[in-house]
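**Student:** How does the following fold in three dimensions:
(3 chains)
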Amino acid sequence: MIETLRRRPGLQAALLIFPAASFLVVFFLMPLFIVVAYSFLERGKYGGVVWSFTLENLQRAVDPLYFNTFLRSARIAGLTTVICLLIGYPLAYLIATQSDRRRNFLLLALMIPFWSNFLVRTYAWLTLLRTNTGLINVTLMGLGLIREPLPLFGNDFAIILGLVYGWLPDMVLPLYAALSRLDPSLLEAASDLYAPGRRVFTRVVWPLTLPGVAAGSILVFIPSLGAFITPALLGGGKSLMIGNVINNQFLAAHDWPFGSALSTIMIGLMLLATLAYFRLVRRRG
Amino acid sequence: MSASYAVELVSVTKRFGEVVAVRDMTLRIPDGEFFSLLGPSGCGKTTTLRMIGGFEMPSRGEIFIGGEPQGYRPPYQRPVNTVFQSYALFPHMTVYENVAFGLEMRGVSREDIRRRVAEALDMVRLAGMERRRPSQLSGGQQQRVALARALINRPKVLLLDEPLGALDLKLRKAMQLELKQLQHRVGITFVYVTHDQEEALTMSDRIAVMNHGLVLQVGTAEEIYEHPNCRFVADFIGETNFLHGTIAGRRQGALEVTLDVGGTVLAQAGQDIGRGQPVTLAVRPERVRLSPGLPGGEVNALSGTVEDVVYTGVATTYWVALGQGERLMVRQQNEQIGAGPVAERGEKVTVSWPVDAASVFAQASEAQAQAAPEAGA
Amino acid sequence: MSSSPSAPEAKQRPPHRDLRGALRAHLGGMLLSSHAVLLYIFLYLPIVVLVVFSFNDSRFLAKWGGATFRWYGELAGDTQVAYALWNSLFIAVLSTFISTVIGTLAAMAMERYRFHGQLAMDALLYLPIIIPDIAMAIMLLIWFNLSGVGFTPWKVELFGLRLAVPYSVIIGHVSFNISFVAIVVRARLADMDRALEEAAQDLYANSWQTFRRVLLPMMMPGIVAGALLAFTLSMDDFVITFFTSGAGFNTLTVYVFGLVKKGVTPKINAISTLMVVFSLALVGLARLLQKGGEGAPVDVDLF
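**Tutor:** Residues are numbered from 1 along each chain as shown, chains lettered A, B, ... in the order given. So this is what the prediction gives:
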């Protein structure tokens, strides 16, 4: 039998991939299809579904009431991504230009908060931001710098802050990877060809690190769009994102088909964003 | 299938999907020979080596090692060892563990392993390096560890895949000699893959020149250099002038060729080529003689104009225009200091060469020459 | 470079412009450094505050009432916390082990072979990473509900605690962790010279010996990194655990989420602090395992 295995690499590959393939088909792919299928079913009386086809759920999902939540979520995720890029790029640049020892230290320092529990990190911000009892407002009012508490909590600002805090390393790492792969002689060549510093950046550094920018953006945008914990905690129950609406459909409203429809749309958006990323990367070789 | 051949390939073909990497190859390498597979990248030389090693299986044909057919035997059941292009030293093992690996896998006793590793490291002058890691060694040292790791198993055949490619020129030259001496000492058959013609000429007992998956010519360094059997071999090995012409007939056992640039020359007849056929004539630049003035009726003499003179240390190279866009490269040894060039730029000169210095290949039959290579000892 | 004598005249600038350039470069460097300092403060400040206030001897977070260990003392006697902790560890260890084995095998298949359906398999391995956990959570919820299996608990006794962990939670964690392990191990494999395996075979090692003596030791840093990532993600997860467990089942994260929903207390700070310390210890351990703490903390080739 071992003899047969040796002669047939196809069989070896099949045996190696079988556990992952079967597990993911049963516990990922089939659930995915079921959710898509549920989007087209009618709601049952006490939760669950009635097995008859309808487009009502998808129609409801694009109703302004819910569609606005999608738009808001996309705006929050987009802003989060842009902010992460704006503050992450200079940091990645700095890290990439350090000596090996310092660069490893800085990377480690960047990763340590990232490795700690996401909920805990979000909770930490909750204690800082809360309107009346948050540490920032209490301190500022105690110092007499402000009279009224600042609106730091229960709004988009708090959510974006929490998301930026949560996903910044996901932006910095691919940027750092792209920057550290840059051949320094390219920058020298650009300077040698009369490009001033600013133009070296816009004409050489930026285009060459664009794949890193795309990778970082996708890594921040996707989890931000699907965020649940951050809006649940920092949105203060008022400022909701699509993840919370889906959550409510299952836990409060017991409307599984509609929750499925919202999820299907969300997954579709993620796939589109990812495909756009791969197209960009492939075009740039 | 006589057992005096270390390696024997019989009608071996290797396909990768649509691509034919090696085409109907038959090759016999006697015991104790230093044999090189030479050719440009993608010619099939490495695939051939990998098939002997068992890393690829032939699509057709059979490979014999020491007279035994190898069939689908995996590498670990073949009496050959390989020195890889990247050396492939195990980075997580010490030099000692690397060299001992093969013996350990074959269940050799601990004491024997210790003794033989010491011998092997002695042989490649690395005694005392046992506990180093590959990453702590220089390129040349890594290469010697790779050699020791392969040779310690006393294989019937040692396969070497461009083992000197990663070394700088000086070290490469030194290692060429060292490898050659090592091979004499251990008496093992070496099959050596390289794209460097100079390296092949320097080291090998015999060379197989390959292109597009075919063996074009097999022979000693001198045979291949002096008597190439096709245009590709003449072009790939050393530098060559090519002149075009037509066969005018036979004279004194040689072929008479009328050149396109005018004039008639004699050349040795490697193949039988019929009258009126278009041919290519190959002449090595160092076999051409250059003298001032017009030809005085000697054989194989043409007149031309010096276009350029380049001094390169041991020799001076002249570019001589023969008309109709054909140029001839002539190389003359600089035997005396201060002798100066034989001719200046723009000067009219005569170029000539002995009859046996030129090879003739039929232009049309070049494809046929490739399809029917003269393979074998 | 610009000072080379052959440089065209256009490049030779008057000295004051060079000074200005140097000043600007210096200023730029300072800006860059202060930007980085601020960012690192931003990253660490909340965690520092969190830790400090876990020692606060006051029910109200915003008022400092002196230092105390009393919240930690309370935790020690809290059986709910103990159950949540052991549930978390049980799930994390088990799902990490399963997904590391499955993910490593998949990485080997993807990196060392060419087979039919490889592209589809690639997509299938990437999808669980792309899809947000809330979507994955409801996918699994519906699936387990529909198939009627999975919610039955696995009963084990650990250190005198009777745990009842639903299979569905473990399955859920494995299904998102396989992909992460596979990708990390695959990046490691891609860096490995294939000639190393051929060299082992050439030196009489059969397939098993080649795997055991060469491939596995060389993959090990990748496997450790992948397992660590899986473990962290499993400990970190709230949404999927919450949806696939049914009511009343707590992991540490689910438990803390419940507490936070009720209000902010120093006790939560104490649990959180312990969780941060735990993940710090884990990262430290991993770096000790890998090359004695040398080398880059992240594998750049992953991106």
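**Student:** can you count the residues close to the residue of the stretch 51-200 of chain A found nearest chain B?
**Tutor:** Going by CB to the nearest CB, chain B is nearest to A:Asp100 of the stretch 51-200 of chain A, at 15.9 Å. C-beta coordinates here come from the backbone N, C-alpha and C atoms, glycine included. Neighbour count of A:Asp100, defined by other CB atoms under 10 Å in any protein chain shown: 9.
**Student:** Now do the contacts for A:Trp125.
**Tutor:** Applying CB atoms under 8 Å, 6 or more residues apart in numbering or on different chains, we find A:Trp125 in contact with A:Ala158, A:Leu161, A:Gly162, A:Tyr165, A:Leu234, C:Pro46.
**Student:** so how far is the helix or strand that contains A:Leu119 from its chain's centroid?
**Tutor:** Per DSSP states H and E, A:Leu119 falls inside helix A:118-129. With CA atoms, centre = their mean, to the nearest Å as the basis, helix A:118-129 stands 18 Å off its chain's centre.
**Student:** got the CA positions of that helix in CSV?
**Tutor:** Output of helix A:118-129 as CSV, limited to C-alpha atoms (Å, rounded to 0.1, in the frame of the first residue of the first chain):
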residue,chain,number,x,y,z
PHE,A,118,-10.1,42.1,21.6
LEU,A,119,-13.0,42.4,24.0
VAL,A,120,-10.7,43.5,26.8
ARG,A,121,-9.1,46.1,24.6
THR,A,122,-12.5,47.5,23.7
TYR,A,123,-13.6,47.4,27.3
ALA,A,124,-10.5,49.5,28.2
TRP,A,125,-11.7,52.2,25.9
LEU,A,126,-15.2,52.0,27.4
THR,A,127,-13.7,52.9,30.8
LEU,A,128,-11.9,55.9,29.2
LEU,A,129,-14.6,57.3,27.0
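**Student:** And the next helix or strand past it?
**Tutor:** helix A:135-142.
**Student:** so does that following helix get close to chain C?
**Tutor:** Yes - using CB under 8 Å from any CB of the partner chain, helix A:135-142 reaches chain C at A:Leu135, A:Val138.
**Student:** Which other helices and strands does that helix contact?
**Tutor:** helix A:118-129 (3 or more CB pairs under 8 Å, 6 or more residues apart in numbering or on different chains; DSSP states H and E).
**Student:** avg pLDDT for the helix it packs on?
**Tutor:** Mean pLDDT, computed over helix A:118-129, is 92.
**Student:** And stretch B:296-315, by the same measure?
**Tutor:** Stretch B:296-315 comes out at a mean pLDDT of 86.
**Student:** buried stuff in it?
**Tutor:** Within stretch B:296-315, the residues that count as buried by 16 or more other CB atoms under 10 Å in any protein chain shown are B:Asn300, B:Ala301, B:Leu302, B:Ser303, B:Gly304, B:Val306, B:Val309, B:Ala315.
**Student:** same deal with stretch A:268-282?
**Tutor:** So stretch A:268-282, judged by 16+ other CB under 10 Å, has buried residues A:Leu269, A:Met270, A:Ala273, A:Thr274, A:Tyr277, A:Leu280.
**Student:** from these, which single one is nearest B:Ala248?
**Tutor:** A:Leu280 (65.6 Å; CB to CB).
**Student:** What helix or strand is the closest one located in?
**Tutor:** Assigned by DSSP H and E, A:Leu280 falls in helix A:256-283.
**Student:** from the chain's centre, how far out does that helix sit?
**Tutor:** 12 Å.
**Student:** Tell me which other helices or strands that helix touches.
**Tutor:** helix A:30-38, strand A:41-43, helix A:56-61, helix A:64-96, helix A:206-225, helix A:242-251, helix C:118-130, helix C:133-147.
**Student:** could you check the angle helix A:206-225 makes with that helix?
**Tutor:** Computed by axes from the mean of the first three to the mean of the last three CA atoms, to 10 degrees, the angle separating helix A:256-283 from helix A:206-225 equals 170 degrees.
**Student:** quick one on the thing from earlier: looking at the contacts of A:Trp125, which is nearest B:Arg206?
**Tutor:** Taking the contacts of A:Trp125 together and measuring to B:Arg206 by CB to CB, the closest member is A:Tyr165, at 70.5 Å.
**Student:** Now do the same contact list for the closest one.
**Tutor:** A:Tyr165 touches A:Arg121, A:Trp125, C:Phe42, C:Leu43, C:Pro46, counting by CB under 8 Å, 6+ apart.
**Student:** Please convert the buried members of those into ChimeraX selection syntax.
**Tutor:** A single ChimeraX command selects the buried members of those (16+ other CB under 10 Å):
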select /A:121,125 /C:43,46
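**Student:** how deep is residue 95 tucked in, by neighbour count?
**Tutor:** In the absence of a named chain, chain A is used. Around A:Ile95 there are 23 residues (other CB under 10 Å).
**Student:** that's the wrong chain, I wanted chain C
**Tutor:** 25.
**Student:** And it, how far from A:Phe27?
**Tutor:** 12 Å (CB to CB, to the nearest Å).
**Student:** got any residues that touch both of the two?
**Tutor:** With CB under 8 Å, 6+ apart, C:Ser95 and A:Phe27 have common neighbours C:Val174.
**Student:** What ranges in the chain fall below the confidence cut-off?
**Tutor:** Using chain A here. A:1-7, A:46-47, A:239, A:283-285 (pLDDT under 70).
**Student:** hmm, I had chain C in mind actually
**Tutor:** Ranges of chain C meeting pLDDT under 70: C:1-25, C:60-62, C:150, C:290-303.
**Student:** looking at this, B:Leu302 is in a strand?
**Tutor:** Yes - according to DSSP: H, G, I helix; E, B strand; the rest coil, B:Leu302 belongs to a strand.
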